[in-house]
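Participant: Compute the structure for the input listed below.
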Amino acid sequence: MAKEQRSTKWTFLFYEESAPDDYLNILEELHIPFILSPWHDKDVNRQTGELKKSHKHGAFFFDSLKSYSQVSNIISDKLNGPAHVEVVMSPTGLFDYFTHAEAHPDKATYNIEDIETGCGFDLDKFLMEMNSSDFIHQVVDIIEENDFTEFEELVWYARANNTNLLGLIIERTYFFAKYLDSRRYSPNRYQQQKETPETEVKDNE
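Facilitator: Prediction:
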C-alpha cells in the first residue's frame, strides 16, 4: 500500500447549500490558520452553460504535516464538504484562483475584499510574500530615500511604520545587510559626502 501523502498546506471546497451557517465559527474552533475564497456563485459550467452550485475554496495552513485522510475527515465532518482535498502546490496560484485574478475574459471574477481568514492567518503578510519582487523594490526605495547604511536603521524604520515589512526584512536579512554594507562602503557615497559641504558653502556665499 502506497504511503499516504502528507503536507502542511491543503486546499478544499464546500458548498453553500450544505455548509453550516456558522462555518466560520466552526473553523475558528479548529485552531488551524485558514483562508477562504469569496462565494463562487457566478461560475458557469462550460459544458452545460448552467451556473455551478455556489461554493467556497479554502486552504488550511498546519503547523505540522497532515495526511490526506486527516484533512478530508475535517472537511466532510465539520463543513459537510466533498471528501476530496489536495496539497497546495502554489499558494500564489491558489490565491489567484480564489478571485479568478488571472481568469479568461469569459470567467467571473470575485472581490478580494470578500476573502475570509481566521485563526491567525495574516492576509497582508501573505500578499506581501506573494509579491516578493515588489516588496524588495519597496524596501530598496526606503533605504535610498532615507539614506540608510545600517541594518538597525532599517529595522527601526519598519518597526515604527510597518510590522509586516519588519518580518519580511528579517527573513531576508542577508540580502538587505549586504546591500546596506555596499552603500556604506561605496566610493561614490564618500565622494558625495566630500562634495556636499563645498556645495553648501558656495550656496551660502
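Participant: biggest strand in the chain by residues?
Facilitator: Ranked by number of residues, the top strand in the chain under DSSP state E is strand 55-67.
Participant: Buried residues of that one, list them for me.
Facilitator: Applying a neighbour-count criterion of 16 or more other C-beta atoms under 10 Å, one finds 55-62, 66 buried in strand 55-67. Every residue, glycine included, has its C-beta placed from N, CA and C.
Participant: Quick one: name whatever helix or strand follows that strand.
Facilitator: helix 68-78 (DSSP states H and E).
Participant: what's in contact with that following helix?
Facilitator: 4-6, 10, 12, 14, 20, 26-27, 30, 60, 81-85 (C-beta atoms under 8 Å, 6 or more residues apart in numbering).
Participant: Kindly recompute the last result at 6 Å.
Facilitator: Residues from elsewhere that reach helix 68-78 (C-beta atoms under 6 Å, 6 or more residues apart in numbering): 4-5, 10, 12, 26, 81, 83, 85.
Participant: what about the most centrally placed residue in the chain, distance to R6?
Facilitator: With distances taken as C-alpha atoms, centre = their mean, F126 lies nearest the centre of the chain, 1.6 Å away. The gap separating F126 from R6 is 22 Å, by C-beta to C-beta, to the nearest Å.
Participant: Now do the same contact list for Y23.
Facilitator: L79.
Participant: who's in contact with stretch 36-47?
Facilitator: 16, 52, 54-58, 98, 108, 110, 114, 116.
Participant: Kindly check the end-to-end length of stretch 26-38 for me.
Facilitator: Using C-alpha to C-alpha, to the nearest Å, one end of stretch 26-38 lies 17 Å from the other.
Participant: In terms of pLDDT, where does the nearest residue to K9 once chain neighbours are set aside sit?
Facilitator: Sequence neighbours aside, V88 is the residue nearest to K9 in space, at 3.8 Å (criterion: C-beta to C-beta, 6 or more residues apart in numbering). On the pLDDT scale, V88 is placed at 86.
Participant: what about A83, is that helix, strand or coil?
Facilitator: Of the three states, A83 takes coil according to DSSP: H, G, I helix; E, B strand; the rest coil.
Participant: The residue nearest to the centre of the chain belongs to a strand, doesn't it?
Facilitator: No: according to three-state DSSP, F126 belongs to no strand; its state is helix.
Participant: Please tell me how far it sits from F12.
Facilitator: 18 Å.
Participant: Low-confidence regions, this structure specifically.
Facilitator: Scanning the chain for pLDDT under 70 picks out the ranges 1-3, 101-106, 128-134, 163-164, 188-205.
Participant: Please enumerate the helices of it.
Facilitator: In chain order, the chain shows helices spanning 23-30, 68-78, 91-99, 123-130, 132-146, 151-161, 163-171, 173-184, 187-204, with DSSP state H as the criterion.
Participant: now the ones you listed as TSV including distance to N45?
Facilitator: Formatted as TSV, the helices of the chain follow (distance: least, C-beta to C-beta, whole Å):
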stretch	distance to N45
helix 23-30	24
helix 68-78	22
helix 91-99	17
helix 123-130	29
helix 132-146	36
helix 151-161	47
helix 163-171	39
helix 173-184	46
helix 187-204	61
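Participant: closest one to T48 among the ones you listed?
Facilitator: Nearest of these to T48, taken as C-beta to C-beta: helix 91-99 at 21.2 Å.
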